[in-house]
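# What follows is a predicted structure for the sequence shown.
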Amino acid sequence: QVQLVESGGGLVQAGGSLRLSCAASGSFVSINNMGWYRQAPGEERELVALIRSGGITEYAASAKGRFTISRDNAKNTEWLQMNSLKPEDTGIYYCNANVERSFGKYYYNATHWGKGTLVTVSS
């Protein structure tokens, strides 16, 4: 089993900042990509930011210049620093991780999701 637990969501005024955390635990060999996705009310889940195991990052156009994704491989933890928040950033933020697991002598990759943390940005 693999668990992803998010924290750090909340209510903030436009222009404010929040820092989300996601800690991975359970049975896995290593973590490949980690990411943050957002699901706004009535919309589909979309990628906000991604960080690869080597540290290369990718951002949605809406997040570039305002959000920073980071990770600590030793702690199996990732963060999303969100600055200059806008009302359109409101939504449930989900942690995502692609991990390498083993089954006997076999290795395989599996994607896991956290339960989400709500971010509300008021105007």
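That came in fine, so what should we check first?
# Check the secondary structure at the most centrally placed residue in the chain for me.
The residue lying closest to the centre of the chain (Cα atoms, centre = their mean) is residue 36, at 2.6 Å. Here residue 36 is recorded as strand under DSSP: H, G, I helix; E, B strand; the rest coil.
# residue ranges for the strands of the protein, please.
When assigned using DSSP state E, the strands of the chain occupy the ranges 2-7, 10-13, 18-26, 30-39, 46-51, 57-59, 67-72, 77-82, 91-103, 106-113, 117-122.
# Return the most buried member of those.
Comparing the strands of the chain by mean neighbour count (mean count of other Cβ atoms under 10 Å), strand 77-82 comes out on top with a mean of 22. (Glycine included, C-beta is placed from N, CA and C.)
# the inter-axis angle of it versus strand 2-7?
Counting by axes from the mean of the first three to the mean of the last three Cα atoms, to 10 degrees, strand 77-82 lies at 30 degrees to strand 2-7.
# Now that residue 24 has come up, it's in contact with residue 32, right?
No: using Cβ atoms under 8 Å, residue 24 is not in contact with residue 32; the gap is 11.4 Å.
# Residue 99 pairs with what?
Under DSSP bridges, the beta-bridge partners of residue 99 are residue 31, residue 110.
# can I get the strands of the chain in a markdown table with mean pLDDT?
Formatted as a markdown table, those follow (pLDDT from 0 to 100):
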| stretch | mean pLDDT |
| --- | --- |
| strand 2-7 | 96 |
| strand 10-13 | 98 |
| strand 18-26 | 97 |
| strand 30-39 | 97 |
| strand 46-51 | 98 |
| strand 57-59 | 98 |
| strand 67-72 | 98 |
| strand 77-82 | 98 |
| strand 91-103 | 95 |
| strand 106-113 | 94 |
| strand 117-122 | 98 |
